[in-house]
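>>> only geometry, no sequence info:
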Ligand SMILES: [Zn+2]
Ligand SMILES: [Zn+2]
């Protein structure tokens, strides 16, 4: 029997999100049916709900920072049982066969992974042709894409780790951050605040770059040693060639040339923000110190589990503001003004009956 599901959905790009009902597939042999308790609110949700990324099929239920409890499992499911605390991030499926999938980096699946919402639902069996996300009370997901949330992490503060946490953890690991590393984080938002906490826990000396000192005390509380205002030309000059890695979380179009100067020889700037316009980069500062600019997209399933375990071990979680489902439209407006410290999380148990 299909699972009756209540949700909040965008019905058109120019409409607010409203209550919405649909059906999830009944768990197949490899599936886990999850009772969603909390869902984080990512900037990508807003872009998709407003049709800004192109090709959004409406109605759309956003949400890919899902934390909940297992309600039922299929006959082949061995890793999970009823009552387990689990999470689902940005992916619910991939081809499982390409080189990326074989190497456990499903986010780079060559034919493309199935997004948690707005993706083509390969497994079908729902009343929707596309996947629908976590602003809902249930979700059915293949066990391969379900994560275990360690007991010491509360579900509400763990939810945003499934996107904001892994998106920052993966490049920190890939670029070998550890004791002695000098890491700068541009922008202290949902991604940036996780980058600071994770890099500090890995032993790095962390500097936050921001447009004002509004968040200085927060940055220090999260583990940053230094705070730099990027319009302060003298301070920027003094920080030249200081950093091994810069995590750039800014999603608005911004000037990056002066930030490249902050990289030491062989340093790398990781682009995590989804800027829709080009950013001018000059060759000379790159070749002068063999600097690199790189991108990184979320993380694989194995690495996401590793990140959750790392967070549990180091007592790291997201700073959140909990909202009820019907506050989502106001939350989007506040996100556009960067008025959130540091992630909205929807309490899904507050979905009206
Ligand atoms: Zn996200
Ligand atoms: Zn693949």
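Received, thanks. Just so it is clear, the model here is predicted, and its values are computed rather than measured. Numbering: from 1, shown residues only. Ligands and ions are numbered 1, 2, ... in the order given.

>>> Tell me who's in contact with residue 143.
Each residue near residue 143 by CB atoms under 8 Å, 6 or more residues apart in numbering is listed here: 30-32, 73-74, 76-77, 79-80. All C-beta atoms are positioned from the backbone trio N, CA, C, and that covers glycine.

>>> and with 10 Å instead?
Counting by CB atoms under 10 Å, 6 or more residues apart in numbering, residue 143 touches 27, 29-32, 70, 73-74, 76-80, 86.

>>> repeat for residue 18
The contact partners of residue 18, by CB under 10 Å, 6+ apart, come to 7-11, 59, 326, 328-329.

>>> Can you say which of those residues are buried?
When neighbours are counted using 16 or more other CB atoms under 10 Å, those contain these buried positions: 7-10, 59, 326, 328.

>>> tell me the two of those residues that are most distant?
59 and 326 (16.4 Å; CB to CB).

>>> if we can go back for a sec, may I see the contacts of residue 143 organised as TSV, with secondary structure, neighbour count and distance to ligand 1 added?
Output for those, formatted as TSV (DSSP: H, G, I helix; E, B strand; the rest coil; neighbours: other CB atoms under 10 Å; distance: CB to the ion, whole Å):
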residue	secondary structure	neighbour count	distance to ligand 1
27	coil	23	25
29	coil	11	29
30	coil	15	25
31	strand	24	23
32	strand	27	21
70	strand	20	23
73	strand	22	26
74	coil	17	27
76	coil	10	29
77	coil	20	26
78	coil	8	29
79	coil	12	24
80	coil	19	23
86	strand	23	18
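
>>> Now do the buried residues in the lowest-mean-pLDDT helix or strand in the chain.
Averaged element by element with mean pLDDT, DSSP states H and E, the chain has its least confident helix or strand at helix 257-260 (a mean of 89). When neighbours are counted by 16+ other CB under 10 Å, the buried residues of helix 257-260 are found to be 259-260.

>>> Show me what it is in contact with.
With contacts defined as CB under 10 Å, 6+ apart, helix 257-260 is touched by 184, 186, 209, 230-231, 233, 236-237, 239-240, 243, 246, 248, 250, 267, 269, 279-282, 284-286, 288-289, 291-293.

>>> what's the neighbour count on the residue in the stretch 101-250 of the chain positioned nearest to ligand 1?
In the stretch 101-250 of the chain, the residue found nearest to ligand 1 is residue 163; the distance is 3.3 Å by CB to the ion. Around residue 163 there are 29 other residues, counting by other CB atoms under 10 Å.

>>> For this structure, list the residues in contact with ligand 2, please.
94-95, 98, 101, 109 (CB under 5 Å from the ion).

>>> Now intersect the residues you listed with the helices, please.
With DSSP state H as the criterion, helices contain residue 101 from among the residues of the chain next to ligand 2.

>>> got a markdown table for the residues of the chain next to ligand 2, with distance to residue 217 and neighbour count too?
What follows is those, written out as a markdown table (distance: CB to CB, whole Å; neighbours: other CB atoms under 10 Å):
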| residue | distance to residue 217 | neighbour count |
| --- | --- | --- |
| 94 | 41 | 25 |
| 95 | 46 | 16 |
| 98 | 46 | 16 |
| 101 | 43 | 21 |
| 109 | 41 | 20 |
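
>>> Please identify which two of the residues of the chain next to ligand 2 are farthest apart in space.
94 and 98 (8.0 Å).

>>> intersection of neighbour lists for those two?
Common neighbours of residue 94 and residue 98 (CB under 10 Å, 6+ apart) are 105-106, 108-112.

>>> Can you tell me which of these has the most neighbours?
For those, the largest number of neighbours (other CB under 10 Å) sits with residue 106, at 27 neighbours.

>>> I'd say that residue and residue 99 touch.
No. In terms of CB atoms under 10 Å, residue 106 does not count as a neighbour of residue 99; the distance is 11.3 Å.

>>> rewinding a little: which ones, among the buried ones among the contacts of residue 18, also lie beside ligand 1?
Among the buried ones among the contacts of residue 18, no residue sits close to ligand 1 (CB under 5 Å from the ion).
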